[in-house]
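J.: Sequence and predicted structure, then a few things I'm wondering about:
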2 protein chains.
Amino acid sequence: MKKLRYIALTLCLLISGCITSQKDTAFQTSTIDALLAGVYDGEMSCRQLLKQGSFGIGTFNHLDGEMIVLDNNLYQIKSDGNIYKPALSIKTPFATVCQFKADNTAIIEPGSSFEDVEAVLDKTFPNQNLFYAIKITGQFESIRSRSVPAQKKPYPPLKEVTKNQPEFNMKNISGTIVGFRCPVYVKGINVPGYHLHFISDDKNKGGHVLSLKVKKVNCEVDILNRYSLLLPKDAKEFAETDLSKDRSKELKVVEKR
Amino acid sequence: MKKLRYIALTLCLLISGCITSQKDTAFQTSTIDALLAGVYDGEMSCRQLLKQGSFGIGTFNHLDGEMIVLDNNLYQIKSDGNIYKPALSIKTPFATVCQFKADNTAIIEPGSSFEDVEAVLDKTFPNQNLFYAIKITGQFESIRSRSVPAQKKPYPPLKEVTKNQPEFNMKNISGTIVGFRCPVYVKGINVPGYHLHFISDDKNKGGHVLSLKVKKVNCEVDILNRYSLLLPKDAKEFAETDLSKDRSKELKVVEKR
């Protein structure tokens, strides 16, 4: 009887592990080009998203701010500059998460810019054909970030929204950068290269990182060789969006504006 | 006691389901552009592949023929025109599989060509942004197929190999077409549009379908809204291949030569 109870418990633990997600997997809902085209309403709740990963970035339905998932906590950096902890029933039109477990570290020198960080990571992780989750923790001399304001239907494309995006200039701030480096062949699906969000230690400031200057940080990297995409099955807007168009120029403008 | 046994059994069934694969998932190993570039040796065994799906297409290490997976059976259509049942320990550099479960059917008229089949499926399944597994069973007036011969290192790119590909002309033949329609945004990762392989009912003939004429067939379709990619983590060849190049012209030549 005791033995059977033990078996049942083990099986339960196994199930909860494999129902949630696999290790070394970048899980993503919808596609970046659908977001660029103005598909701002997704089918997936953040509760479902957090089952796929405890670490990641994205946005919320109606494009209501920047998402950051850190240590299984969900944060919403709204365009008013404040950070909220939304209900897990809130849905997302685009997000990427993983179960972060550091495989390796990179040494980032004080004074490094965003471009310096990219260069160091490129050198430390030369395999350009895998996915990388990136976690940079510590003190920053400065971080410039942005958020996006919630939109009303009919939704404008993302490049129109980001024309008037609120930006936030933070000085001498401690916090964590959460993000991914994706291979170039996911063009149209996710953001090729680096896509980073920031949240301060006091959980008061953050956003989509536009530029930065490092003071003193630790950088951990999780190498991901699995990529899992969940597409909206029934959403009319997603179904009817022309995803054959090359939107890479739009993406560049939107990411680094 | 009986109740606990029942719970343990249920849990076992649940586990076996979620360890193997999720429904409505197109599972893929490596990328089409790596294959185009000559990365013909993968890390995944066909035993592992069949855990992800009982239905699908691909190729084998050294590019040794066309793969078809049907009803959980693995077939290898070699360039000599014969079909083999390889050991499950054999590895694959590129394959796509799913657990096929028909969601819907399409009506394909006698006399239809490959292009007619594409047009009917496009009309029946207008959402171009999801994945579709396609199973066409019945009699064909004709099928023209090809296979690819096993290669020796240093591997030439796929477009060089298919220049001298053996082709097979089948007349009045019964069998099954197995394949996928992928959305255009997987360019570089899988084959956008239709990619079909054929195997005869007597398991004696088959290959990568180049053209066809339908006599009388049933067509079933499984709509897939999940896409799962497993990338070679440690393979030097995959890591060092430039996957930033646009190989869509090469792909067109290779697919329809």
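T.: Okay, I see it.

J.: In the stretch 151-257 of chain A, mark out all the helices, start to finish.
T.: Counting by DSSP state H, counting those that start in this stretch, one finds helices in the stretch 151-257 of chain A at the ranges A:158-161, A:236-240, A:248-256.

J.: residues of the longest one that come out buried?
T.: Within helix A:248-256, the residues that count as buried by 16 or more other Cβ atoms under 10 Å in any protein chain shown are A:250, A:251, A:254, A:255. C-beta coordinates here come from the backbone N, C-alpha and C atoms, glycine included.

J.: swap in the shortest one?
T.: Neighbour counts over helix A:158-161 (16+ other Cβ under 10 Å) mark A:158, A:159, A:161 as buried.

J.: Tell me which residues touch the last one, please.
T.: Spelled out, it's residue A:161. Residue A:161 makes contact with A:63, A:148, A:149, A:151 under the criterion Cβ atoms under 8 Å, 6 or more residues apart in numbering or on different chains.

J.: try the second one
T.: When the contact criterion is Cβ under 8 Å, 6+ apart, the partners of residue A:159 are A:36, A:250, A:253, A:254.

J.: go again using 7 Å as the cut-off
T.: Residue A:159 makes contact with A:250, A:253, A:254, according to Cβ atoms under 7 Å, 6 or more residues apart in numbering or on different chains.

J.: is it true that the first one touches residue A:35?
T.: Which is residue A:250. No: under the contact definition of Cβ atoms under 7 Å, residue A:250 does not touch residue A:35, with a separation of 10.4 Å.

J.: So for residue B:136, which of the helices of the stretch 151-257 of chain A sits nearest?
T.: Shortest separation from residue B:136 across these is recorded for helix A:236-240, at 23.9 Å, computed as Cβ to Cβ.

J.: contact partners of the closest one?
T.: When contacts are taken as Cβ under 7 Å, 6+ apart, the neighbours of helix A:236-240 outside the stretch itself are A:30, A:34, A:39, A:41, A:232, B:127, B:129.

J.: which residues are contacting stretch A:209-217?
T.: Under Cβ under 7 Å, 6+ apart, the answer for stretch A:209-217 is A:108, A:110-114, A:136-146, A:167, A:177, A:196-198, A:256.

J.: In ChimeraX, how would I select just the buried ones from those residues?
T.: A single ChimeraX command selects the buried members of the contacts of stretch A:209-217 (16+ other Cβ under 10 Å):
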select /A:108,112,114,136,138,140,141,143,144,145,146,177,196,197,198
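
J.: Out of the contacts of stretch A:209-217, list just those in strands.
T.: Assigned to strands by DSSP state E, the following of those qualify: A:136-146, A:167, A:177, A:196-198.

J.: can you pull the pLDDT of the residue lying closest to residue A:31 once chain neighbours are set aside?
T.: Closest residue to residue A:31 apart from its sequence neighbours, by Cβ to Cβ, 6 or more residues apart in numbering or on different chains: residue A:189 at 4.9 Å. At residue A:189, the model reports a pLDDT of 98.

J.: what's the offset of the longest strand belonging to chain A from the middle of its chain?
T.: Across chain A, the strand with the greatest residue count (assigned by DSSP E) is strand A:206-224. Its chain's C-alpha centre lies 12 Å from the corresponding centre of strand A:206-224 when counted by Cα atoms, centre = their mean, to the nearest Å.

J.: Now it: buried residues?
T.: Using 16+ other Cβ under 10 Å as the burial criterion, the residues of strand A:206-224 that qualify are A:206-210, A:212-214, A:217, A:219-224.

J.: Just the endpoints, please. Distance across stretch A:25-34?
T.: As for stretch A:25-34, its first-to-last residue distance stands at 22 Å under the measure Cα to Cα, to the nearest Å.

J.: residues from the stretch 51-200 of chain A in reach of chain B?
T.: Within the stretch 51-200 of chain A, the positions adjacent to chain B are A:127, A:129, A:130, A:183, A:184, A:185, A:188, A:189 by Cβ under 7 Å from any Cβ of the partner chain.

J.: May I ask which two of these are separated the most?
T.: Of all pairs drawn from these, the greatest distance, 21.3 Å, lies between A:127 and A:188 (Cβ to Cβ).

J.: And these two? Which one has more around it.
T.: residue A:188 (25 against 18; other Cβ atoms under 10 Å in any protein chain shown).

J.: circling back to that earlier point, can you pick out the most distant pair from the buried residues of strand A:206-224?
T.: The widest separation within these, taken as Cβ to Cβ, falls between A:213 and A:224 and amounts to 27.6 Å.

J.: Any idea how many residues pack against residue A:96?
T.: 28.

J.: Just give the nearest non-adjacent residue to it, would you?
T.: Nearest residue to residue A:96 in three dimensions, chain neighbours excluded: residue A:28, at 4.6 Å (Cβ to Cβ, 6+ apart).

J.: any idea whether that neighbour is helix, strand or coil?
T.: Secondary structure assignment for residue A:28 (DSSP: H, G, I helix; E, B strand; the rest coil): strand.

J.: ditto for the one 5 residues further on
T.: When states are read from three-state DSSP, the local structure at residue A:33 comes out as helix.

J.: and what of residue A:87?
T.: Remark: residue A:87 carries the secondary structure label coil [criterion: three-state DSSP].

J.: which ones are touching it?
T.: Here residue A:87 is in contact with no residue (Cβ under 7 Å, 6+ apart).

J.: Backbone dihedrals for it, both of them.
T.: For residue A:87, the backbone dihedrals (degrees, to the nearest 10) come out as phi -60, psi 150.

J.: sorry, back to before: and the contacts of residue A:159 as CSV, adding pLDDT and distance to residue A:97?
T.: Putting the contacts of residue A:159 into CSV (pLDDT from 0 to 100; distance: Cβ to Cβ, whole Å) gives the following:
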residue, pLDDT, distance to residue A:97
A:250, 94, 24
A:253, 91, 25
A:254, 92, 21
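
J.: Same list (these) but as JSON lines, adding distance to chain B.
T.: Compiled in JSON lines, the contacts of residue A:159 are given as follows (distance: Cβ to the nearest Cβ, whole Å):
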{"residue": "A:250", "distance to chain B": "14"}
{"residue": "A:253", "distance to chain B": "19"}
{"residue": "A:254", "distance to chain B": "17"}
